[in-house]
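Visitor: Give me a 3D structure for the following:
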Amino acid sequence: MPINGMRAGVSSRGYGEFGAIADPFQPTGGNEVKTVGTYKYHIFTTSGTFAVTTNPNNKAVSIMVVGAGAGGGASQGGGGGAGAIEGASYWQSQTLSAGSYNVTIGNGGTGAQNNTTKGSNGGNSSFAGSSTITALGGGGGGSEGTGLRAGETGGSGGGSSITLTGGSNSGNNTNIGGNGISTGVRGCGGGGGATAQGANGSSTTGGGNGGEGLALTTIDSNLTSGNFTSFSGMTKISSGGGGGGYSGGGFGTGGTGAGSGTSDTSTAGNGVSYGSAGGGGGYSGGLGKGGNGKSGLVIVRYSVV
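Guide: Reported below is the predicted structural model:
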């Protein structure tokens, strides 16, 4: 006879006399969906929807949101700042009832093409669940043009061009951008990264290095390129871009996965890992161009046991 309203032989965990019954919690959405170990992951690299049909057992999900990296400045330009990584200890737990939840992935900032603009900020990423989690994009790198030299405020701050200060930071896992200097080889500041601030420019060596990002395996040991094609070639996210330098000077190296600065007339390096920034352009007269930042990221994971 029924026990506590359940059919005999069937437990509240979904296992019956004929073996396992499928977990009723089967959400959809994401660019890559995969089970690794005891967790299932929905990885969003473009905007979309996380849809829950039913959640009768009130299963919780963990959500991580990463803002996009910023673009670097031009013509003695500062490196772009990295996007913030939001969630308590990288993840935020939510219990989602049936419904569709919007996921927004911020676009990477554009590197300045001449000294009349700064590098643009990275776009914000968000997950609109039972409450909305938003991760700010990084702050753009300053450019050499008048009134454009300071690094921009963002998740992590952008590096400054000559004479001014790097941008301030806001949000979790963020740091300030480096300062620029107008003497000697006129080094520009590196952009802030998830684990370190952008280095200041130097009068003797040139552009400052970008702040280092956060290792994917620190966030979750399953987040490797071997497990997910989304992370091909990546080991860290949210690194700051390197600062540019004046003619004859050196340039700053970006944090892992971010673009490095340049000290000649070419375009600085682009960010290639999520949330990471572009480097700053170098030289004078608007010749060196800033690199572009990389887009943001959202991951939803939950236990399958």
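
Visitor: how about the strands of this structure, start to end?
Guide: Assigned by DSSP state E, the chain shows strands spanning 15-16, 19-20, 32-36, 39-44, 48-52, 60-66, 85-86, 92-95, 99-104, 125-128, 132-135, 214-215, 236-237, 297-303.

Visitor: tell me the angle of the third one relative to strand 39-44?
Guide: Here strand 32-36 points in a direction 160 degrees away from that of strand 39-44 (axes from the mean of the first three to the mean of the last three C-alpha atoms, to 10 degrees).

Visitor: Run through the protein and note the low-pLDDT ranges.
Guide: Counting by pLDDT under 70, the chain has low-confidence residues at 1-21.

Visitor: any idea which residue sits dead centre in the chain?
Guide: Nearest residue to the geometric centre of the chain (C-alpha atoms, centre = their mean): G275, 2.0 Å.

Visitor: So what's the residue count around the residue lying closest to T45 once chain neighbours are set aside?
Guide: Among residues not flanking T45 along the chain, N31 sits closest, at 4.7 Å (C-beta to C-beta, 6 or more residues apart in numbering). The way it works is simple: take the backbone N, C-alpha and C, and place the C-beta from them, glycine included. Residues lying near N31 (other C-beta atoms under 10 Å) number 15.

Visitor: all helices of this protein, in order?
Guide: Counting by DSSP state H, the chain has helices at residues 216-219.

Visitor: picking up where we left off before, now mean neighbour count and distance to G290 too, for the strands of the chain, in JSON lines please.
Guide: Listed next are the strands of the chain as JSON lines, based on neighbours: other C-beta atoms under 10 Å; distance: least, C-beta to C-beta, whole Å:
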{"stretch": "strand 15-16", "mean neighbour count": "13", "distance to G290": "57"}
{"stretch": "strand 19-20", "mean neighbour count": "8", "distance to G290": "54"}
{"stretch": "strand 32-36", "mean neighbour count": "14", "distance to G290": "30"}
{"stretch": "strand 39-44", "mean neighbour count": "20", "distance to G290": "27"}
{"stretch": "strand 48-52", "mean neighbour count": "18", "distance to G290": "29"}
{"stretch": "strand 60-66", "mean neighbour count": "25", "distance to G290": "21"}
{"stretch": "strand 85-86", "mean neighbour count": "28", "distance to G290": "23"}
{"stretch": "strand 92-95", "mean neighbour count": "14", "distance to G290": "33"}
{"stretch": "strand 99-104", "mean neighbour count": "18", "distance to G290": "25"}
{"stretch": "strand 125-128", "mean neighbour count": "24", "distance to G290": "21"}
{"stretch": "strand 132-135", "mean neighbour count": "20", "distance to G290": "22"}
{"stretch": "strand 214-215", "mean neighbour count": "18", "distance to G290": "23"}
{"stretch": "strand 236-237", "mean neighbour count": "29", "distance to G290": "20"}
{"stretch": "strand 297-303", "mean neighbour count": "23", "distance to G290": "22"}
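
Visitor: so who does the closest residue in space to Y41 that isn't next to it in sequence touch?
Guide: Distances taken as C-beta to C-beta, 6+ apart place R301 nearest to Y41, at 4.9 Å, with adjacent residues excluded. R301 is in contact with 39-42, 61-62, 91, 220, counting by C-beta atoms under 8 Å, 6 or more residues apart in numbering.
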